[in-house]
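Engineer: Got a sequence here, can you model it:
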Amino acid sequence: MVWFITGASHGLGLEMVHLLVARGERVLASGRRAVTELPADFPDCAYHACDLADPNAVARLRDWAAAHGPLRATVLNAGAGHFRPLTQETAQDIDTVLAINLNANITLAHGLRAVLSGGRLGLIGSVAHKGAAGMPVYSASKAALDGFGRALAEEWRGDVRVRVLHPGPVATGMAERAGRKPDFADRLFLPPRITAAALLRALDAPRGADRQTVSFLRVGMHRLLRGTT
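Structural biologist: Model (predicted):
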């Protein structure tokens, strides 16, 4: 059985791929970077470069992943956004964020349903789905993804386990790439590897809520109870 991870060329997706390959899982990975641009330590697994803002590219990615089925789990993790007021957004940038964060995920979930039977689907949202000043379009896309995931969890219950997982701010560099200036709050950002492990645990667990928040407190409590540092 196979794991399929999007947004795997950096950040949380890359950390999840590292963890899965290390534990002996077969992994299909996808990201925006070309193969030649991947980090030198990228795990030994199948990789498909894809621009999720391009519907034709998403269709090719869907077919590629489906051809490797059945899938044990799919984690739709890729995301994009800008830290700026709505009045400074362009129509093209709004379309791109919605295409990557929402449309591509709906297309992939729809197209992979047949090879996910008995498996799991993880949709990686953000605590911004409740609203985040400075990121209105990103927040809207994650709120819509949250609603899609909760509806799908009901529709597919008993066959495919669907969970919407909302991590808090993570030190992946995404905030800086989005245009946010670093400040004192950065000290509270979650470590990427530990957050990725928490997301995989939440998806792996046989029981749990359809929608879960992976916060600094939750990660810290898990490490405390496990006696880790």
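
Engineer: Against residue 80, how distant is residue 48?
Structural biologist: According to C-beta to C-beta, to the nearest Å, residue 48 stands 18 Å off from residue 80. Placement of C-beta: from N, CA and C, glycine included.

Engineer: Quick check: residue 49 touching residue 34?
Structural biologist: Yes. Taking contacts as C-beta atoms under 8 Å, residue 49 lies within contact range of residue 34: 5.1 Å.

Engineer: ok, the most centrally placed residue in the chain - contacts?
Structural biologist: For the chain, the residue sitting closest to the mean C-alpha position, by C-alpha atoms, centre = their mean, is residue 77 at 1.5 Å. Residue 77 is in contact with 5, 6, 7, 8, 12, 13, 16, 122, 124, counting by C-beta atoms under 8 Å, 6 or more residues apart in numbering.

Engineer: who wins for most neighbours among those?
Structural biologist: The most crowded member of those, judged by other C-beta atoms under 10 Å, is residue 8 (31 neighbours).

Engineer: Can you tell me how far that residue is from residue 78?
Structural biologist: Going from residue 8 to residue 78 by C-beta to C-beta gives 8 Å.

Engineer: got it, and residue 200?
Structural biologist: Using C-beta to C-beta, residue 200 is found at 16 Å from residue 78.

Engineer: And residue 155, by the same measure?
Structural biologist: Residue 155 sits 23 Å away from residue 78, going by C-beta to C-beta.

Engineer: Compare residue 48 and residue 80 and say which one has the larger neighbour count.
Structural biologist: residue 80 (21 against 18).

Engineer: Check what pLDDT that one gets.
Structural biologist: Note on residue 80: pLDDT of 91.

Engineer: let's have the chain start at 49 instead
Structural biologist: Shifting the count to begin at 49 puts that one at residue 128.

Engineer: In three-state terms, how would it be classified?
Structural biologist: Three-state call for residue 128 (DSSP: H, G, I helix; E, B strand; the rest coil): coil.

Engineer: ok, the nearest residue to it once chain neighbours are set aside - contacts?
Structural biologist: Closest residue to residue 128 apart from its sequence neighbours, by C-beta to C-beta, 6 or more residues apart in numbering: residue 148 at 4.6 Å. Counting by C-beta under 8 Å, 6+ apart, residue 148 touches 100, 101, 126, 127, 128, 189.

Engineer: hmm, back to that, more neighbours, residue 203 and residue 126?
Structural biologist: residue 126 (24 against 11).
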